[in-house]
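Undergrad: coords below, sequence missing:
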Ligand code: DC
């Protein structure tokens, strides 16, 4: 079983994806980490994440040990990720890894949950279940501010809002694999839901789709 979970930044899809993977005993891939790792690797090499040559070189030589680095979770990494994600050559370089993960999930699992922006539309168009997770900009800004404060980061709310809006626009407006729900995706708006409620609704939906 392949579950595709797409949605904008801080919509709650990461937490939801992790919990669904555990509940259904599936492997989990946070595809945003691939773009974050590419962005961070580009910066570390002294390159510019908005420049095609620099970003594609980083994507093609991606060091998988970077995945667990705390550097990936900063706002700077998020911005660099959405810049490299704009470049078609970067998306092409990361596509095989994602499809291979879905087709051959690690650890003997019989399926996978992938979360990102284009899983239901491009990476796994034949996924058994597609969920598009949404939340209002204000809800997402509030969640991200809380998350960064808990990590002890010094943040300015207006800056987080501006960065998130810029990322949303870049993710939605790019020509290749823009952030858009697949035609057959179920829309889950988490603006007024806590993590437990979102999980309960998504789990019920998956069971309704997969139980004959
Ligand atoms: O989900 P996230 O915030 O970790 O993603 C970081 C950036 O990576 C996001 O701005 C867009 C990009 N991304 C993408 O273009 N396609 C994906 N499948 C996953 C992430």
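TA: On my side now, so go ahead. Keep in mind that this is a model prediction, so the values were computed, not measured.

Undergrad: And the strand or helix carrying residue 43, how far out from the chain middle?
TA: Remark: residue 43 resides in helix 32-44, with elements defined by DSSP states H and E. Counting by Cα atoms, centre = their mean, to the nearest Å, helix 32-44 is centred 13 Å from the centre of its parent chain.

Undergrad: Just after it, pick out the following helix or strand.
TA: Using DSSP H and E, the next helix or strand after helix 32-44 towards the C-terminus is helix 52-60.

Undergrad: which residues touch that next one?
TA: 38-39, 41-42, 45, 47-49, 83-84, 87, 89-90, 93-94 (Cβ atoms under 8 Å, 6 or more residues apart in numbering). To be clear about C-beta, it is placed using only N, CA and C from the backbone, and glycine gets the same treatment.

Undergrad: Residue 211: how many residues sit nearby?
TA: 6 (other Cβ atoms under 10 Å).

Undergrad: ok, now residue 138?
TA: Residue 138, neighbours per other Cβ under 10 Å, totals 10.

Undergrad: pLDDT at it, what is it?
TA: Looking at residue 138, its pLDDT reads 94.

Undergrad: Find out how far the one helix or strand residue 29 maps to is from the centre of the chain, if you would.
TA: Assigned by DSSP H and E, residue 29 belongs to strand 27-30. Distance of strand 27-30 from its chain centroid, counting by Cα atoms, centre = their mean, is 10 Å.

Undergrad: partners of it in the sheet?
TA: strand 112-116 (parallel) (DSSP bridges).

Undergrad: Is the strand it pairs with in proximity to the ligand?
TA: Yes. For strand 112-116, a contact with the ligand is found by Cβ under 6 Å from any ligand atom, at residue 116.

Undergrad: On the C-terminal side of that strand, identify the next helix or strand.
TA: Taking DSSP H and E, what comes next after strand 112-116 is strand 129-134.

Undergrad: Does that following strand reach the ligand?
TA: No. Strand 129-134 lies apart from the ligand when judged by Cβ under 6 Å from any ligand atom; the minimum separation is 10.7 Å.

Undergrad: Counting neighbours, which of the contacts of helix 52-60 comes out on top?
TA: Within those, most neighbours by other Cβ under 10 Å means residue 84, with 33 neighbours.

Undergrad: and it, what does it touch?
TA: Counting by Cβ under 8 Å, 6+ apart, residue 84 has contacts 35, 38-39, 42, 49, 55, 58-59, 90.

Undergrad: returning to that earlier point: tell me what the helix holding residue 43 is packed against?
TA: Packed against helix 32-44 by the contact rule (3 or more Cβ pairs under 8 Å, 6 or more residues apart in numbering; DSSP states H and E) you find helix 52-60, helix 75-84, helix 88-103.

Undergrad: So which residues on the protein come close to the ligand?
TA: So far as Cβ under 6 Å from any ligand atom goes, the chain lies against the ligand at 9, 31-32, 35-36, 78, 81-82, 85, 116-118, 167, 171.

Undergrad: Let's see the PyMOL selection covering just the buried ones among those.
TA: Written as a PyMOL command, the selection of buried residues from those, which uses 16 or more other Cβ atoms under 10 Å, is:
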select buried, resi 9+31+32+35+36+78+81+82+85+116+117+118+167+171
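
Undergrad: before we move on, the earlier item: lowest mean pLDDT across the helices and strands packed on helix 32-44, which one is that?
TA: Mean pLDDT is lowest for helix 75-84 out of the helices and strands packed on helix 32-44, coming in at a mean of 89.
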